[in-house]
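Peer 1: Predicted coordinates and the sequence they were generated for:
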Amino acid sequence: MATVNSYTERMPTPDRTSRDAIVHAARDLLEKDGLAGLTMNAVAQRVGVRAPSLYKRVQSREELIRLVAEATLTALADRLASASTAADVLNGFREFGHEFPAAFQLVVMPGAGMPTARVEFGAAASEAIVRVSRELAGVDRALDAARTLTAWATGFICMELNGNFRLGGDIDQAWEFGAASVVEAVTAR
């Protein structure tokens, strides 16, 4: 509520933006300017309000980062939901990382002290890999297989995004080789 003047009663402040719009703007800024550029002032400018107005929807920058991480994991879960094979999941994971490199790295390698998504968001984003891992490795080893596949893919994608493959060669071919190899390694015999 905003005060019209000190002698009148409070009037409701019109909604100028939604929490979803704030999170969307924050993720866009994260991709454009990195984590350092993800400030409350920058988000406020992006959504067309003053920074204090954001605090009606988001309590702090830390909460905003957590909300961006959760929105990222939700989008990833949606992207992978229809995947039917390990290759589909791994390729979808890689495509997502290329489409949203900063957000991807925020959720897979948040860094010390960085706000992270609540557990249920990570679990939802993991459903596809656990499902295909169950088919590959069996019920008893599904989580182990899912972790192995995810760790390999995350490492590869982060190295790729950060330009750490400097010895030449075809990166896509290396991806295909690695994906096929790790899938074979976790497949129950």
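Peer 2: Cool, the structure landed.

Peer 1: Convert the C-alpha atoms of stretch 32-41 to CSV, please.
Peer 2: What follows is stretch 32-41 as a C-alpha-only set of coordinates in CSV (Å, rounded to 0.1, in the frame of the first residue of the first chain):
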residue,chain,number,x,y,z
LYS,A,32,23.3,-11.4,-20.3
ASP,A,33,25.4,-10.0,-17.5
GLY,A,34,26.3,-13.0,-15.3
LEU,A,35,25.7,-13.3,-11.6
ALA,A,36,27.4,-10.0,-10.8
GLY,A,37,24.9,-8.2,-13.1
LEU,A,38,21.9,-9.9,-11.3
THR,A,39,21.0,-7.0,-8.9
MET,A,40,17.7,-5.9,-7.6
ASN,A,41,18.1,-2.5,-9.3
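
Peer 1: ok, residue 182 touching residue 148?
Peer 2: Yes. Residue 182 lies in contact with residue 148 (C-beta atoms under 8 Å); the separation is 6.6 Å. C-beta: built from backbone N, CA, C; applies to glycine.

Peer 1: give me the element the most centrally placed residue in the chain is part of.
Peer 2: Centroid check for the chain by C-alpha atoms, centre = their mean gives residue 72 as the closest residue, at 3.2 Å. For residue 72, the host element (DSSP states H and E) is helix 61-80.

Peer 1: tell me which strands and helices that helix is in contact with?
Peer 2: helix 19-33, helix 40-47, helix 86-99, helix 101-108, helix 119-137 (3 or more C-beta pairs under 8 Å, 6 or more residues apart in numbering; DSSP states H and E).

Peer 1: go with 6 Å
Peer 2: Applying 3 or more C-beta pairs under 6 Å, 6 or more residues apart in numbering; DSSP states H and E, one finds that helix 61-80 contacts helix 19-33, helix 86-99, helix 101-108, helix 119-137.
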